[in-house]
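# 3D, please:
(chains A, B, C and D)
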2 protein chains.
Amino acid sequence: MNLSSLEQEFVLHFGEMGSRWGINRTVGQIYALLFLSDQPLNAEHIVEKLGFSRSNVSMGLKELQAWNLVRLKHLPDDRRDYFSAPDDLWEIVRTLVAERKKREIDPTLTKLRELEMQTPSNESDAHAHSKISDLRELIELLTGWHDDMNRLETERLVQLLSLGSKLQKFAAKAETIVPFKRAAKENPS
Amino acid sequence: MNLSSLEQEFVLHFGEMGSRWGINRTVGQIYALLFLSDQPLNAEHIVEKLGFSRSNVSMGLKELQAWNLVRLKHLPDDRRDYFSAPDDLWEIVRTLVAERKKREIDPTLTKLRELEMQTPSNESDAHAHSKISDLRELIELLTGWHDDMNRLETERLVQLLSLGSKLQKFAAKAETIVPFKRAAKENPS
DNA sequence: ATGTAATTTCAGAAATTACTGAAATGCAGG
DNA sequence: CCTGCATTTCAGTAATTTCTGAAATTACAT
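Here you go, the predicted model:
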């Protein structure tokens, strides 16, 4: 069975975008296909629909599994592997964010902490050291916030996001309820 | 003048990470160098410190300018171009997020809206159409939130992030003050 | 205008990444 | 232990991206 022009366009777009998202064209197209599909698909289905080699599809699926973006399923009396994308879009977003954090942020955080251990030797080194320290602090604030958000269930999270700019007003109110503690360096009280 | 081992390690790390961040090694290293540097640097400085060809540095700086990640400066009686990273870390983060959104999200949002215009022909096409519609909705929610956050000044934003999980409680309180309006499809009242 | 320094462009080389087909491995029934 | 299907691995090739040196362009001073 072949793809409709709607499906076709969607799949091709995700292939192109794939490279910007740190995955390759093949993987992008495979995921787009799984995302659209009502039923789980096996490797052979994907080969037919996208025209990639069997081995390429195998590698693509392996990568999607490494990203936790697909679920492996089995049908009765059929030992082939079937794959599907989660139905819950929020789960996909959470996974994407978590995995990108793991690949793009965490290694840097580790490295920054490691560099911060070193005592600066000369003058300009001290400057570098303090920049590194500031950067580490900021990243910790952001990732800490990410962890907090991850703990919220979808419903609540959507509420928060929908509130949008109104949060600004609550931030003001918040300070009256839970006193805001500044970073130590700015106000070491 | 040469790099200290601290600076060296930092720069090399950002070079390696560069590829995961959708920029290349050269660009990553150049940015790391500018980030650490107290003074603005010109292209020749960068060539000396990093050992890339002059033309490669030129291209790297061009790309950083395209990302809005560097500021071009001039010194009196010196017609060479000097570059520096913003001092405000938050500005850097904002820029990164905004640029990534522009490159990674906006084109997809456009494409999804375009695909949504097409009226689904057959049965399975209708399913694809509705998935695409859901995805577009979610992305709009997220980007709308991003726009809201962008309007907050740094101080306030840090407050919000620092509150972290406490936001959950405010979300509950929020609903009593500003009634939460659900997405139309879920509650078409 | 001419000369000089700074920057950019660009075609090809080098390096990296993606893809394929063939061979190897795994695995469930006989 | 074999047999047949499904998946994975891998070495070689193709495609893409990055990087360089040389040439072109730009900007400014004389």
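# Does chain B have contacts with the helix or strand harbouring residue A:140?
If you go by DSSP states H and E, residue A:140 is part of helix A:123-151. Yes. Helix A:123-151 reaches chain B (Cβ under 8 Å from any Cβ of the partner chain) through A:124-125, A:127-129, A:131-132, A:134-135, A:138, A:141-142, A:144-145, A:148, A:151. Placement of C-beta: from N, CA and C, glycine included.
# Out of these, the closest to residue B:5 would be?
residue A:125 (8.8 Å; Cβ to Cβ).
# Report the contact partners of the residue nearest to that closest one when sequence neighbours are not counted.
Leaving aside its chain neighbours, residue A:125 sits nearest to residue B:4 (4.7 Å; criterion: Cβ to Cβ, 6 or more residues apart in numbering or on different chains). Contacts of residue B:4 were listed using Cβ atoms under 8 Å, 6 or more residues apart in numbering or on different chains, and they are A:121, A:122, A:124, A:125, A:128.
# Might you report the residue contacts of the first one?
The reference is to residue A:121. The contact partners of residue A:121, taken as Cβ under 8 Å, 6+ apart, are B:4, B:6.
# which SS state does it fall under?
Of the three states, residue A:121 takes coil under DSSP: H, G, I helix; E, B strand; the rest coil.
# Of the contacts of residue B:4, select the buried ones using a ChimeraX command.
The ChimeraX command for the buried members of the contacts of residue B:4 (criterion: 16 or more other Cβ atoms under 10 Å in any protein chain shown) is given here:
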select /A:124,125,128
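# could I get the contacts of residue B:4 as CSV with distance to DNA strand C and pLDDT?
Formatted as CSV, the contacts of residue B:4 follow (distance: Cβ to the nearest atom of the strand, whole Å; pLDDT from 0 to 100):
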residue, distance to DNA strand C, pLDDT
A:121, 30, 86
A:122, 27, 89
A:124, 22, 85
A:125, 27, 92
A:128, 24, 96
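# List just the nearest of the contacts of residue B:4 to residue B:115.
residue A:128 (48.3 Å).
# how near is the closest one to residue B:8?
Relative to residue B:8, residue A:128 is positioned 10 Å away (Cβ to Cβ, to the nearest Å).
# Determine the longest strand present in chain A.
strand A:78-84 (DSSP state E).
# any residues touching it, and which ones?
Outside strand A:78-84, the residues touching it (Cβ under 8 Å, 6+ apart) are A:34, A:37, A:39-44, A:61, A:64, A:70-75.
# wait, does that strand contact DNA strand C?
Yes. Strand A:78-84 lies within reach of DNA strand C by Cβ under 7 Å from any atom of the strand, at residue A:79.
# Indicate whether the helix or strand just after that strand makes contact with chain B.
Proceeding C-terminally, strand A:78-84 gives way to helix A:89-100 as the next helix or strand, assigned by DSSP H and E. Yes. Remark: helix A:89-100 sits within contact range of chain B at A:89, A:90, A:93, by Cβ under 8 Å from any Cβ.
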